[in-house]
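Student: Need the 3D shape of this:
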Amino acid sequence: MSNNEFKQTERNRVRRLAKRGSYDRETVYAILDANYLCHLGFAVDGQPYVIPTLYGRVGDVIYVHGSNVSRMLGQAAGRSRLCLTVTTVDDLVLARSAFHHSINYRSAVVFGTGEAVSDDSEKMDALKAISDSVLKGRWEDARLPNQKELDVTTVVRITIEEASAKARSGMPIDDAEDMNLPIWAGLVPVETAFGEPVADTQLLPGIELPDYLA
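Tutor: Modelled structure (predicted):
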């Protein structure tokens, strides 16, 4: 294993269809950086929860944020063991048989320990990273958080300890005896895109659409 790969452990090892797995850091980072919504898994008194939340990555650290009264963040900030997942669906894979239908996808699973960010400077950097993950350029255009807003916001730092990626690509894989069936098979691409911006009805006169939205 090189420094460019995450160490394989019992937690992050890909078992099912292991050839689709990867532990390469750049592969994991590329999947994380192509998204902004993750699902964060944690446990409270033995009861597991999985909550969708926005995130931002800075190096080997992932930041999440929310209200001080958030149960998820309260648990995550207390040095709990966490699991974070991200998935992009690229195609529906339609096979000739129901059994062999699938999807083409890219996913990352990250394991780490949560820790509350107390330093206001790091908090601001983390919030900018999350904002940039969702829409780069918006942070510089918006009023930044004031002290009161920072004080009621919890930011959790999750240092990536272990991670793996998994992906599928290509056409359906049918059984040989099904290849002559008169059934359409192939891919249906899945695309996610932003729509046309809709201005707030109370927008001040003369404000043009920012370049990062145009």
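Student: Local confidence estimate at the residue lying farthest from the centre of the chain?
Tutor: No residue in the chain sits farther from the centre than residue 180, which is 40.0 Å out by Cα atoms, centre = their mean. Note on residue 180: pLDDT of 95.
Student: and the longest helix for this structure?
Tutor: Ranked by residue count under DSSP state H, the longest helix found in the chain is helix 120-134.
Student: circling back: could you look up the SS state of the residue farthest from the centre of the chain?
Tutor: At residue 180 the chain is in coil, as set by DSSP: H, G, I helix; E, B strand; the rest coil.
Student: Assumed residue 148 was part of a strand.
Tutor: No - membership of residue 148 in a strand is not supported by three-state DSSP, which gives helix.
Student: Tell me how far it lies from residue 68.
Tutor: To residue 68, residue 148 is 12 Å away according to Cβ to Cβ, to the nearest Å. Quick note: C-beta positions are derived from backbone N, CA and C, even for glycine.
Student: where does this protein dip in pLDDT?
Tutor: Across the chain, the ranges flagged by pLDDT under 70 are 1-2.
Student: Show me where it has its helices.
Tutor: Going by DSSP H, the chain shows helices at 25-33, 71-76, 120-134, 138-141, 147-151.
Student: What distance do you get for the residue farthest from the centre of the chain to residue 96?
Tutor: Residue 180 sits 9 Å away from residue 96, taking Cβ to Cβ as the criterion.
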